[in-house]
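S.K.: Mind folding the following:
(one chain, ligands or ions: 2)
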Amino acid sequence: MLNELLAAWISRQRWFGGKGRPIDELSIDADVVLTPGLRHLIVAVWQDGCRDRYQLLLGERHDLPDRLAHALIGSVDGICFYDATHDPERTSWLLDGMARDETRSGLRMRHVEGADIDTSPRSIVLGAEQSNTSLVYGDAYICKLFRRLIPGVNPELEIVTALAERKAPHIAQPYGWIEAELDGTGTTLAIMQEYLSNANDGWDLALTSVRDLYASPQETSAAEAGGDFAGEARRLGVATARVHEELAAAFPTDLIETHEIKRMAESFRRRLGRAVAEVPELRPHVGAIEDAYHEVEQLTGAVPVQRVHGDYHLGQVMRTPTDWVVLDFEGEPGQPLAERRALSSPLRDVAGMLRSFDYAARHLLAGRAEAADLEGRAQEWADRNRAAFLEGYREGGGVIGRVDATLLRAFELSKAVYEVGYEARNRPTWLPIPLAAFRPR
Ligand SMILES: Nc1ncnc2c1ncn2[C@@H]1O[C@H](COP(=O)(O)OP(=O)(O)O)[C@@H](O)[C@H]1O
Ligand SMILES: O=P(O)(O)O[C@H]1O[C@H](CO)[C@@H](O[C@H]2O[C@H](CO)[C@@H](O)[C@H](O)[C@H]2O)[C@H](O)[C@H]1O
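M.R.: Numbers count the residues shown, from 1 in each chain. Ligands and ions are numbered 1, 2, ... in the order given. Coordinates of the predicted model:
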């Protein structure tokens, strides 16, 4: 009975990866009582013969207070089962568990060595719930619970711990984590980090600047408009180069030669093939994209590779009162863990951020025919901020050599191809944004 309630509820959650397909079966793989009225579950969801596993915090109460009514999963024999991430009385136990380094039936809660965890703040669930659920404790900590579980150490934990040990700037300090064995592999279930309470998301800041430009008289250039973003874009470039430098110092690096460069071009092509099958609007652009990938195949010499962010965009960086902080070193969601941890060219992140400037410039135009006359201004804003970011990247020590232009272009196109698939699946009205990347300039 509980399993059926959970199946109906999980299919409605924003973070559920199998939306739109019926659930054939849901079973409870692990069930640990953390404290009376709070259970930690790992459930297996079967759809079309495939299994995905998810992590739940299940609350139990005889009477559910009104403030938790929205979190109700269902009732069985007079007990109300609910999503306990919304219940600060219960989630405080996670803080206690990490502070005490508790282990409960294989569920290990740990704090970073030397971190002094204040267990007094109470949590709220972060509004912009995405593929995971984040709990913010006062203005001290943010604890991200991974919903869909993939066996292995989460790259975010691996990277921020390594960079924090080096006292690297531009990261949010890690405080603790939760882990368990999944298929015999130590698997990260949650990460707790410093909450940047006084910071703004890069995407929101960039959009404010774009709006200022669109609202200013036609003859005003992007440089003269009130909220010019170029200074911030340059500082972000500097921070990005410093983070790359720290990643190269903390993890192995390598040089890839001709045959591996060809393999990289093949992987760009495979991604293109999958996206074209899914989104026919890509078809007219295939020839030009293939040409750019062909140029990559012709490159000679070695390309430096290292650990990178992997899904770098304006929504992954926050501006604190003093500088930029980079979040979410997890790589592209949906990619296998091995791929997300693989060494790559740092130009991949540079390309990701360049794409993001295009996104910010065009997002107000998407799907609005009447906004077509803003096209030139969108281009001007994007060009100005892309150039400023690259200037900052070089200033911070980042290397973009002459041959790198070919790689950078291919990474940008490949990111835009990924985005076409992402938007078609998640936000179809945004599809024109990445499609614009393939127009000849
Ligand atoms: N350390 C932090 N401090 C403040 N806000 C944060 C922090 N980490 C994440 N956030 C906020 O949560 C949002 C989503 O976080 P993110 O880690 O990107 O989650 P997801 O992987 O689900 O996209 C960010 O855009 C940011 O607004
Ligand atoms: O932040 P996530 O790890 O969930 O990344 C995924 O979602 C992003 C959207 O939130 C998506 O990014 C795309 O949209 C952004 C604006 O919302 C834009 O700034 C990015 O440049 C663009 O790629 C990301 O690709 C996806 O993996």
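
S.K.: Against ligand 1, how distant is the closest residue to T35 other than its chain neighbours?
M.R.: With C-beta to C-beta, 6 or more residues apart in numbering as the measure, W93 is the residue that lies nearest to T35, at 4.8 Å, once sequence neighbours are left out. For every residue, glycine as well, the C-beta is placed using N, CA and C. According to C-beta to the nearest ligand atom, to the nearest Å, W93 and ligand 1 sit 21 Å apart.

S.K.: W93 is in what secondary structure piece?
M.R.: Assigned by DSSP states H and E, W93 belongs to helix 88-99.

S.K.: ok, now V276?
M.R.: helix 258-278.

S.K.: List the buried residues in that helix.
M.R.: Of the residues in helix 258-278, I261, M264, A265, F268, R269, L272, A275, V276 count as buried by neighbour count, 16 or more other C-beta atoms under 10 Å.

S.K.: Give the full set of residues in contact with the last one.
M.R.: It refers to V276. With contact taken as C-beta atoms under 8 Å, 6 or more residues apart in numbering, V276 is in contact with L282, R283, V286.

S.K.: need those in TSV with pLDDT, can you?
M.R.: Output for the contacts of V276, formatted as TSV (pLDDT from 0 to 100):
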residue	pLDDT
L282	96
R283	96
V286	97
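
S.K.: Quick one: check the lowest-mean-pLDDT helix or strand in the chain for contact with ligand 2.
M.R.: Using mean pLDDT, DSSP states H and E, helix 337-341 stands out as the lowest-scoring helix or strand of the chain, at a mean of 91. No. Helix 337-341 does not reach ligand 2 (C-beta under 6 Å from any ligand atom); its nearest approach is 10.9 Å.

S.K.: and the next element down the chain from that helix?
M.R.: Helix 337-341 is succeeded, C-terminally, by helix 347-362 (DSSP H and E).

S.K.: which helix is the longest one in the protein?
M.R.: helix 404-426 (DSSP state H).

S.K.: Am I right that R53 is in a helix?
M.R.: No. The assignment for R53, made by DSSP: H, G, I helix; E, B strand; the rest coil, is strand rather than a helix.

S.K.: pLDDT value on the closest residue in space to it that isn't next to it in sequence, please?
M.R.: With C-beta to C-beta, 6+ apart as the criterion, R53 has its nearest non-adjacent residue at 4.6 Å, and that residue is L149. The per-residue pLDDT reported for L149 equals 95.

S.K.: just E129 next, same as before
M.R.: If you check E129, the pLDDT there is 54.

S.K.: same deal with R274?
M.R.: Per-residue pLDDT puts R274 at 95.

S.K.: Secondary structure class of the residue nearest the centre of the chain, three-state.
M.R.: Centroid-nearest residue in the chain, with C-alpha atoms, centre = their mean: D328, separated by 5.3 Å. Classification of D328 by three-state DSSP places it in coil.

S.K.: Hmm, it is touching Q316, no?
M.R.: Yes. The pair D328 and Q316 passes the contact test of C-beta atoms under 8 Å, sitting 4.8 Å apart.

S.K.: Show me the domain layout of the chain.
M.R.: 1-195, 200-438 (automatic domain parsing).

S.K.: Need the distance between the two termini of the first one.
M.R.: Read that as domain 1-195. 38 Å (C-alpha to C-alpha, to the nearest Å).

S.K.: do the longest one as well
M.R.: For domain 200-438, the separation between the terminal residues is 31 Å (C-alpha to C-alpha).

S.K.: is ligand 1 contacted by that domain?
M.R.: Yes. Residues of domain 200-438 contacting ligand 1 under C-beta under 6 Å from any ligand atom: D201, G315, Q316, L327, D328.

S.K.: Pick the one among those closest to K19.
M.R.: G315 (21.0 Å; C-beta to C-beta).

S.K.: What is the neighbour count of L58?
M.R.: Counted with other C-beta atoms under 10 Å, the neighbours of L58 add up to 22.

S.K.: Show me what it is bridged to.
M.R.: R39, D83 (DSSP bridges).

S.K.: Show the contacting residues for it.
M.R.: L58 is in contact with L38, R39, H40, L41, I73, F81, Y82, D83, A84, counting by C-beta under 8 Å, 6+ apart.

S.K.: How much space separates the first one from R269?
M.R.: Put plainly, it is L38. Noted for L38: a distance of 49 Å to R269, by C-beta to C-beta, to the nearest Å.

S.K.: Repeat that for the third one.
M.R.: Taking C-beta to C-beta as the criterion, H40 is separated from R269 by 43 Å.

S.K.: Please apply the same query to the second one.
M.R.: From R39 over to R269 the distance is 46 Å, taken as C-beta to C-beta.

S.K.: Next, give phi and psi for A372.
M.R.: The phi/psi pair for A372 (degrees, to the nearest 10) reads phi -60, psi -30.

S.K.: Contact residues of the stretch 101-250 of the chain facing ligand 2?
M.R.: Residues of the stretch 101-250 of the chain lying near ligand 2 (C-beta under 6 Å from any ligand atom): Q130, S131, W203.

S.K.: which of the residues you listed count as buried?
M.R.: W203.

S.K.: hang on, H313 packs against D358?
M.R.: No. Taking C-beta under 8 Å as the definition, H313 is not a contact partner of D358, at 10.5 Å.

S.K.: Am I right that L157 is in contact with M192?
M.R.: No. Taking contacts as C-beta under 8 Å, L157 lies outside contact range of M192: 9.9 Å.

S.K.: Comparing these two, which residue is more hemmed in?
M.R.: Applying other C-beta under 10 Å to L157 and M192 shows that M192 carries more neighbours, namely 29 against 23.

S.K.: Using the three-state scheme, assign that one.
M.R.: From three-state DSSP, the assignment for M192 is strand.

S.K.: contacts for stretch 153-173?
M.R.: By C-beta under 8 Å, 6+ apart, stretch 153-173 touches 112, 142, 144, 146, 174, 177, 179, 186-188, 191, 193-196, 239, 242-243, 246-247, 249-251, 307, 310, 323-331, 337, 340-341.

S.K.: Go ahead and build a ChimeraX selection from the buried members of these.
M.R.: Here is the ChimeraX command that selects the buried residues among these (16+ other C-beta under 10 Å):
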select :112,142,144,146,174,177,179,187,188,191,193,194,195,196,239,242,243,246,247,250,251,307,310,324,325,326,327,328,329,330,331,337,340,341
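
S.K.: Let me know the secondary structure of I124.
M.R.: Criterion first, three-state DSSP; result for I124: strand.

S.K.: Would you mind measuring from it to ligand 2?
M.R.: Using C-beta to the nearest ligand atom, I124 is found at 20 Å from ligand 2.

S.K.: residues near the closest residue to D87 other than its chain neighbours, how many?
M.R.: With C-beta to C-beta, 6+ apart as the criterion, D87 has its nearest non-adjacent residue at 5.3 Å, and that residue is G59. For G59, the neighbour count with other C-beta under 10 Å is 24.
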